[in-house]
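In: Provide a 3D model corresponding to the input given below.
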Amino acid sequence: MIRPNDFVEHIPSDELWCVCGVDYKRGELIPCGWPFPTIAKISDCRLVESRDMPQEEGMKEALVKEGLSSFVESEVNA
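Out: As a prediction, this is how the structure comes out:
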């Protein structure tokens, strides 16, 4: 299961991304970086490295600021 802070390969672009947020209900994730937010399909990504870390507060704040609170990992979903 892909979580924030994990590294994924975005298959269509062949890029390595650090994940900022994930919304499994929508089937989408948002990588860290610019332009922010970039939304990608989870199905287009392959987990490369699971870092098993909680979502950083800065990630949460950036997502909420953009109106994307469904990508914020809650204690229940972690």
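
In: residue contacts, Arg26?
Out: Ser70 (Cβ atoms under 8 Å, 6 or more residues apart in numbering). The way it works is simple: take the backbone N, C-alpha and C, and place the C-beta from them, glycine included.

In: what pLDDT is listed against it?
Out: Note on Arg26: pLDDT of 96.

In: any idea what the residue lying closest to Gly33 once chain neighbours are set aside is bridged to?
Out: Sequence neighbours aside, Trp17 is the residue nearest to Gly33 in space, at 7.2 Å (criterion: Cβ to Cβ, 6 or more residues apart in numbering). Trp17 has these beta-bridge partners by DSSP bridges: Val8.

In: just give the number of residues close to Trp17.
Out: Other residues near Trp17 number 20, with proximity taken as other Cβ atoms under 10 Å.

In: what of Phe36?
Out: Neighbours around Phe36, by other Cβ under 10 Å: 14.

In: likewise the one 5 residues further on?
Out: Lys41 is flanked by 13 other residues according to other Cβ under 10 Å.

In: ok, now which ones touch it?
Out: Lys41 neighbours (Cβ under 8 Å, 6+ apart): Gly27, Glu28, Leu29.

In: export the residues you listed to CSV and tack on neighbour count?
Out: Output for the contacts of Lys41, formatted as CSV (neighbours: other Cβ atoms under 10 Å):
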residue, neighbour count
Gly27, 12
Glu28, 20
Leu29, 26
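
In: isn't the residue nearest to Gly33 up against Cys32?
Out: Yes: assessed by Cβ atoms under 8 Å, Trp17 is found in contact with Cys32 at 7.2 Å.

In: thinking again about what came up before, what sits against the residue nearest to Gly33?
Out: Phe7, Val8, Glu9, His10, Pro31, Cys32, Gly33, Ala40, Cys45.

In: nearest to Met53 among the residues you listed?
Out: Met53 lies nearest to Phe7 out of the contacts of Trp17, by Cβ to Cβ, at 11.4 Å.
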